[in-house]
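Engineer: Structure here, sequence nowhere to be found:
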Ligand SMILES: [Zn+2]
């Protein structure tokens, strides 16, 4: 609940803009009407630019933010054993450096087993911050894409803004860069201030019940890491949480008949802008 509240607060700048343009448009004010017709208006964006749910019936996209982190090996093995492919929205320099040898191995481990690698930007900054420049927003996206391209050879076609916070500038820049912005329609609440295994399982089960097959579709938000409230310290107990929640969730999804696929597959789109061989480490692989 708290994490939903945080998301709502973080998303409020966008919804504020959208709500303002709709209500002002109805008022027929000439200045605002031209704003409404402007190519900057969200309703005029190309479809697929902002993704809040899957489109392919019968699919669920399990996504994990904020890695790469310690748990990825066991998590990937667990997903593979359940016949699931997930999507990892990685950071470059969050609590770690993606170029560290351990993290390079973690990213490649997930990628080589067919899981999708995607961008959660470089340093997990709020891209809608009043003090962030457009150049900096671009830089936060570009640096992570470069890292993933060097490490895996794959240049990600999808990005998820930190905190789910986006505005028109974020949408415009990601569009110019050929990336879609991905949110979610199920928050597992694993980063709420009081995360609970049972709460996360209940959230999934409720969603599955409300979205029966054949038409059901689910796009999830989970975290590969866990922070203790607002501090940047990873909570050691999360290992246990993750490995209690996911087996139950995988079983429920399987029982309901869901296909557990990547974000790209749940949308019928390509996961990467380009794919080539991974690169060998050079002196430039630094955070
Ligand atoms: Zn995040």
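Structural biologist: Yep, it's here. Everything numeric here is computed off the predicted structure, so don't read it as measured data.
Engineer: Can you say which helix or strand has residue 202 in it?
Structural biologist: In this assignment (DSSP states H and E), residue 202 forms part of helix 197-210.
Engineer: got the contact list for that helix?
Structural biologist: 185-190, 192, 216, 218, 220, 241, 244-245, 248-249, 252-253, 256, 258 (C-beta atoms under 8 Å, 6 or more residues apart in numbering). To be clear about C-beta, it is placed using only N, CA and C from the backbone, and glycine gets the same treatment.
Engineer: Can you mark which positions in that helix are buried?
Structural biologist: Across helix 197-210, burial judged by 16 or more other C-beta atoms under 10 Å covers 200, 201, 203, 204, 207, 208.
Engineer: now do stretch 165-177
Structural biologist: Applying 16+ other C-beta under 10 Å to stretch 165-177 flags 165, 166, 167, 168, 169, 170, 171, 172, 173, 174, 175 as buried.
Engineer: just stretch 129-136 next, same as before
Structural biologist: Here stretch 129-136 shows residue 132 as buried, counting by 16+ other C-beta under 10 Å.
Engineer: could you give me the average pLDDT of it?
Structural biologist: Stretch 129-136 comes out with an average pLDDT of 96.
Engineer: And stretch 80-97, by the same measure?
Structural biologist: Stretch 80-97 carries an average pLDDT of 95.
Engineer: Now, of the contacts of helix 197-210, which are buried?
Structural biologist: In those, the ones that pass as buried (16+ other C-beta under 10 Å) are 185-190, 192, 216, 218, 220, 241, 245, 249, 252-253, 256, 258.
Engineer: Name the nearest of the buried residues of helix 197-210 relative to residue 128.
Structural biologist: Within those, the smallest distance to residue 128 is 25.8 Å, found for residue 203 (C-beta to C-beta).
Engineer: from the chain's centre, how far out does the helix or strand that residue 102 is a member of sit?
Structural biologist: Here residue 102 is covered by helix 101-112, with elements defined by DSSP H and E. Distance of helix 101-112 from its chain centroid, counting by C-alpha atoms, centre = their mean, to the nearest Å, is 18 Å.
Engineer: Need the contact partners of that helix.
Structural biologist: 67-69, 72-73, 76, 88, 90, 96-98, 117, 148, 151-152, 154, 278, 281, 285.
Engineer: For it, give the mean pLDDT please.
Structural biologist: 98.
Engineer: Then stretch 268-282?
Structural biologist: 97.
Engineer: Distance check, the residue in the stretch 151-287 of the chain that the ion sits nearest to against residue 282.
Structural biologist: Residue nearest to the ion within the stretch 151-287 of the chain (C-beta to the ion): residue 162, separated by 4.8 Å. Counting by C-beta to C-beta, to the nearest Å, the gap from residue 162 to residue 282 is 28 Å.
Engineer: Looking at these two, which is more packed in?
Structural biologist: In this view residue 162 and residue 282 are compared by other C-beta atoms under 10 Å, and residue 162 has more residues nearby, 23 against 8.
Engineer: Which residue comes closest to that one once chain neighbours are left out?
Structural biologist: residue 124 (4.5 Å; C-beta to C-beta, 6 or more residues apart in numbering).
Engineer: re the thing from before, where helices are concerned, which of the buried ones among the contacts of helix 197-210 count?
Structural biologist: 241, 245, 249, 252, 253, 256 (DSSP state H).
Engineer: Could you restrict the residues you listed to the ones contacting the ion?
Structural biologist: Contacts with the ion within these, as defined by C-beta under 5 Å from the ion: none are present.
Engineer: as a whole number, average confidence for stretch 242-262?
Structural biologist: Mean predicted confidence for stretch 242-262 is 94.
Engineer: can you list the residues of the protein near the ion?
Structural biologist: 65, 66, 162.
Engineer: pLDDT and secondary structure added to these, as CSV?
Structural biologist: As requested, those are exported to CSV (pLDDT from 0 to 100; DSSP: H, G, I helix; E, B strand; the rest coil):
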residue, pLDDT, secondary structure
65, 93, strand
66, 91, coil
162, 96, helix
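Engineer: Show me the strands in the stretch 151-287 of the chain, by range?
Structural biologist: 154-156, 158-159, 180-182, 186-187, 217-223, 259-261, 272-275 (DSSP state E, counting those that start in this stretch).
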